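K.L.:
Here is my input; please provide its structure:
(one chain, ligands or ions: 1)
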Amino acid sequence: MTKQIALITGGTGGIGTAICKELAGNGVIVVANYFPADKVQAESWLDEMRKEYEHCYIVAADVTDYSSCGDMLESVTDNIGSIDILVNCAGITRDKTLKSMSPDQWNCVINTNLNSAYNVTQQLVQGMMERGFGRIINISSVNGQKGQFGQANYSAAKAGLHGFTMAVAQETASKGVTVNTVSPGYIETTMTSELPEQVLQSIVNAVPLKRMGTAQEVAYAVAWLADQKNAYITGANIPVNGGLFMSS
Ligand code: CAA
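P.N.:
Just a heads-up that it's a prediction; the model follows:
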């Protein structure tokens, strides 16, 4: 059986790295996208990954830029092969209460966390449908489901991402392409380590499991959705949040 190929945007980040490792461990060829300015860090990330996983690559692109994403997809297709699995994982925070949120803080979060999914997926989905197989997994957040004080930008982008999932899932279902969302809660990554200590503590206290999650726990859910056998779940939003937000 030929190996599958996965592209993970933001693949060298905390959750992205865990997803790359989990998929690579399952025999998938992994291509981690990184922001062009982070070339040096991405190359040392690749050196580390290659110690354990032979079939691992990196590719630069600014996911907020449609043509940069087009160039990235062309380069992956030409040099590695057709992409079977896409994980839209690139994301940033610019937390600020709305009254003092600048247009730049709003726009860069919407562009990086939401428009990025359009920029990559739109240029990839037709090929997946023609080949009759695809797995698209969008990494949203518990804060897209419940909202979060100080995150009007991030909550809007992450809620939008699941709307995107549900719409695209309907457009691709008949062609063997599933589209799902994974919504992590508070996960031990650089993003959450930058939160004020008392804010973080009050959040952890509200989590029924009374701890933060690990990137590995998010990666399990992503790899499960990415599995070929997982063909009858589409348009779903899988929470990995320790019970912080529950919905029927
Ligand atoms: N509910 C009610 N009040 C709150 C609050 C909350 N959850 N959090 C802060 N406040 C209050 C503060 O106590 C403060 O009150 P006072 O003015 O009376 O002292 C006030 O709000 C702060 O208001 P400011 O307008 O000065 O705040 P700011 O614009 O500087 O922003 C903040 C502060 C950045 C929002 C800060 O509170 C913060 O970092 N909050 C956490 C946001 C958060 O949870 N981010 C998640 C990041 S991790 C992630 O995003 C990953 C994921 O997917 C889960």
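K.L.:
so how far is Thr165 from the closest residue to Gly160 other than its chain neighbours?
P.N.:
The shortest distance from Gly160 to any non-neighbouring residue, by CB to CB, 6 or more residues apart in numbering, is to Leu114 (4.8 Å). For every residue, glycine as well, the C-beta is placed using N, CA and C. Distance, Leu114 to Thr165, by CB to CB, to the nearest Å: 11 Å.
K.L.:
Equivalent analysis for Gln41, please.
P.N.:
29 Å.
K.L.:
mind listing what's buried in the helix or strand hosting Ala156?
P.N.:
Here Ala156 sits within helix 152-172, counting by DSSP states H and E. Residues 152-162, 164-165, 168-169, 172 are the ones in helix 152-172 that count as buried (16 or more other CB atoms under 10 Å).
K.L.:
So for that helix, mean pLDDT?
P.N.:
For helix 152-172, the mean per-residue pLDDT is 98.
K.L.:
and it, what does it pack onto?
P.N.:
helix 103-110, helix 116-121, helix 125-131, strand 134-139, helix 142-146, strand 177-184 (3 or more CB pairs under 8 Å, 6 or more residues apart in numbering; DSSP states H and E).
K.L.:
Can you lay out those as a markdown table showing distance to Met212?
P.N.:
Below are the helices and strands packed on helix 152-172 laid out as a markdown table (distance: least, CB to CB, whole Å):
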| stretch | distance to Met212 |
| --- | --- |
| helix 103-110 | 22 |
| helix 116-121 | 25 |
| helix 125-131 | 34 |
| strand 134-139 | 16 |
| helix 142-146 | 12 |
| strand 177-184 | 10 |
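K.L.:
and this protein, which residues reach the ligand?
P.N.:
When proximity is defined by CB under 6 Å from any ligand atom, the chain lies next to the ligand at 93, 95-97, 100, 141-143, 148-151, 154, 184-186, 191-192, 195-196, 199.
K.L.:
Can I get the buried part of the residues you listed as one PyMOL selection?
P.N.:
Restricted to buried positions by 16+ other CB under 10 Å, the PyMOL selection for the residues of the chain next to the ligand reads:
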select buried, resi 93+95+96+141+142+143+148+150+151+154+184+185+186+191+192
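K.L.:
Neighbours of Asn79, how many?
P.N.:
Asn79 has 10 neighbouring residues, counting by other CB atoms under 10 Å.
K.L.:
Distance of Asn138 relative to the ligand?
P.N.:
Relative to the ligand, Asn138 is positioned 13 Å away (CB to the nearest ligand atom, to the nearest Å).
K.L.:
same check, this time on Cys69
P.N.:
Separation of Cys69 from the ligand (CB to the nearest ligand atom) stands at 23 Å.
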